[in-house]
Each structure stands twice: as C-alpha cells, then as structure tokens.
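Q: Give me a model of this one.
(one chain, ligands or ions: 1)
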Amino acid sequence: MVTSLTFLGSGGGRFTTIYQVRATGGVYLEDGRVRVHIDPGPGALVQMHRFNVNPTKTDIIAVSHAHTDHYTDAEVLIEAITNGGTKKKGALIGSKSVIEGYDEFDPAISRYHRGLVDKVLSFTPGESFEYKHLRIKATKSFHNDPTTIGFRFETTKGVISYMADTDYDDSLAEEHEGARILILPVTRPLGAKIPYHLSTKEAAKIIAAVKPELAILTHFGLKMIEENPDFQADWIWKETGIRTIAADDGMVVEIGKKIEII
Ligand SMILES: [Zn+2]
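A: Numbers count the residues shown, from 1 in each chain. So this is what the prediction gives:
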C-alpha cells in the first residue's frame with residue numbers, strides 16, 4: 001500500500017498567489033485507497049493535470065480556512081469527486097468559516113456544493129473523524145481567520161501533520177506531537193516576521209519541539225521565495241538537527257519505513 005504526499009503547490013500568501021510565482025494547489029495525501037486533497041487553492045486543477053493526479057479519485061477535501069489561497073478550487077473538485085454532481089459521495093471537512101461562514105466570511109463552499117458530497121463536517125480543534133482506515137483530527141491555529149484548523153492524519157505509516165496558517169504559539173508543538181512528517185506553512189524568512197504567520201525562526205522552534213522524522217516547509221510568500229526556501233530549510237536543519245526540506249511544486253514524498261523524496 002502506497003502512502004505519499006504530492007505538493008500541488010508550494011506558494012502561499014497574497015502576492016505569490018496573485019502572480020503564481022509558485023503554484024497554490026495545496027497538498028495531496030494518498031494513504032492506500034484513501035485520498036485527501038488539503039487546501040486546494042487557485043490552480044489546483046491545473047497542477048493536478050500537470051502532475052498527473054486524477055481529481056475524480058479524491059475521497060476527502062480538507063480546507064483549513066476561508067482565505068482564497070486555500071479554498072478557491074474546492075467546488076470544482078467536489079464536482080470531480082461526485083461525477084459532475086450526479087453521485088453523492090466523498091467528504092468535505094473545513095473550518096467553521098469554510099462550511100458555515102464566520103463573521104465577515106460567507107461560507108467558502110456554496111450550499112449547492114455542500115449538498116453534493118456525502119458528508120460535510122465543520123470542525124473545531126480537537127474534533128476528529130474516521131474515513132475507512134484514516135483518522136483525521138482538527139488541530140489549533142492562531143490566524144486572522146480565527147476559526148482556522150490544521151489537520152493531523154493518522155495514516156497506515158504513522159502520523160502526518162499539516163499545520164495551517166498560524167502565528168507562533170507554544171501549544172502548537174503539543175498539537176502535533178508524535179508526527180513522523182510535519183508540514184509547516186512558512187510564509188516569511190529569517191528576520192521578516194509578520195503577524196498571523198510563521199517565519200523560519202518560529203518554524204525551527206516548533207520543529208525542535210515536535211522532533212518529526214522529516215519537516216517540510218511550504219506556503220512561501222514572495223519575500224520567502226526571494227530569500228531562498230532551500231537556504232531557510234537548511235538553516236533549520238543545522239539549528240535543530242532535524243531533517244528539514246523546502247517543498248517544490250510537484251514534489252512527491254513517499255512514506256514507507258524510510259521517507260523518500262522523489
Ligand atoms: Zn490564511
């Protein structure tokens with residue numbers, strides 16, 4: 001049984017998304033027969049075509065929050081899962097803002113599209129759900145969509161944790177304890193912290209506390225791209241002693257006894 005991650009993008013933040021300096025299609029997790037598309041932002045479908053991932057085979061769409069770089073292609077993907085809206089199947093998991101709407105955010109997915117999937121789950125941190133053998137737990141985030149959630153996947157090859165957009169908080173390490181792979185949205189490089197997002201230095205602090213087998217940085221803002229994500233990942237690797245890499249568009253990670261980057 002294959003367990004893998006495909007990065008359908010490694011970009012994030014307003015201007016990387018607007019100019020598509022890096023793709024913003026999210027992350028695709030395959031754990032045997034269960035396939036999850038996490039945060040399908042603008043161009044997710046284009047990247048699936050480019051990297052040979054079949055949208056109709058997806059089981060679950062997981063959307064962390066109601067910012068455009070995380071949800072815009074989700075409705076088309078729901079149509080892909082449900083055979084063009086004719087077969088009720090699959091699941092949609094999202095933050096309260098994505099599913100129900102919150103404050104100035106209308107629901108990010110229309111009532112029509114929510115009606116096409118078999119299960120719709122509006123999650124707050126701590127809630128979990130099982131789909132076949134895969135357990136998914138919502139984790140805390142500290143973002144300017146206050147309902148933002150991350151995802152902790154208990155796969156057949158161990159825990160893969162996806163941190164959503166967040167500011168630094170000491171409690172985050174606990175949320176992702178025991179993860180073999182930790183995916184972190186590092187929007188900003190060393191020396192360029194902004195509120196509600198992680199910078200390289202803060203990512204290092206979380207990685208040092210969680211001690212995953214592999215840490216993957218993604219969701220790069222323009223300034224991060226200018227400052228070279230590979231250099232930033234190497235800095236964390238040296239600082240923490242934990243294998244840390246920067247995602248690339250189309251990067252595939254295969255998880256077995258060993259973790260391999262393809
Ligand atoms: Zn965001």
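Q: what's the nearest residue to residue 95 if we skip its chain neighbours?
A: residue 147 (4.4 Å; CB to CB, 6 or more residues apart in numbering). No exception for glycine: its C-beta is placed from N, CA and C like everyone else's.
Q: how many neighbours does the one you found have?
A: 24 (other CB atoms under 10 Å).
Q: That one contacts residue 65, correct?
A: Yes - taking contacts as CB atoms under 8 Å, residue 147 lies within contact range of residue 65: 6.8 Å.
Q: Tell me who's in contact with the closest residue to residue 154 other than its chain neighbours.
A: Using CB to CB, 6+ apart and skipping residues adjacent in sequence, the residue nearest residue 154 is residue 135, 4.1 Å away. Listed by CB atoms under 8 Å, 6 or more residues apart in numbering, the contact set of residue 135 reads 128-129, 153-154.
Q: Can you classify residue 135 by secondary structure?
A: strand (DSSP: H, G, I helix; E, B strand; the rest coil).
Q: Quick check on the contacts of residue 135: which are buried?
A: Among the contacts of residue 135, those buried by neighbour count (16 or more other CB atoms under 10 Å) are 153-154.
Q: mind listing which of the contacts of residue 135 are in strands?
A: Among the contacts of residue 135, DSSP state E puts 128-129, 153-154 in strands.
Q: Now for residue 147 and residue 65: what residues contact both?
A: By CB under 8 Å, 6+ apart, the residues touching both residue 147 and residue 65 are 95, 97.
Q: so what's residue 248 up against?
A: Contacts of residue 248 by CB under 8 Å, 6+ apart are 7, 10.
Q: Spell out which residues of this structure are next to the ion.
A: Neighbours of the ion within the chain, by CB under 5 Å from the ion: 67, 165.
Q: still on that earlier bit, distance of the residue nearest to residue 154 from residue 226?
A: 39 Å (CB to CB, to the nearest Å).
Q: could you check the distance from the residue lying closest to residue 20 once chain neighbours are set aside over to residue 178?
A: Nearest residue to residue 20, sequence neighbours excluded (CB to CB, 6+ apart): residue 43, at 6.5 Å. Going from residue 43 to residue 178 by CB to CB gives 33 Å.
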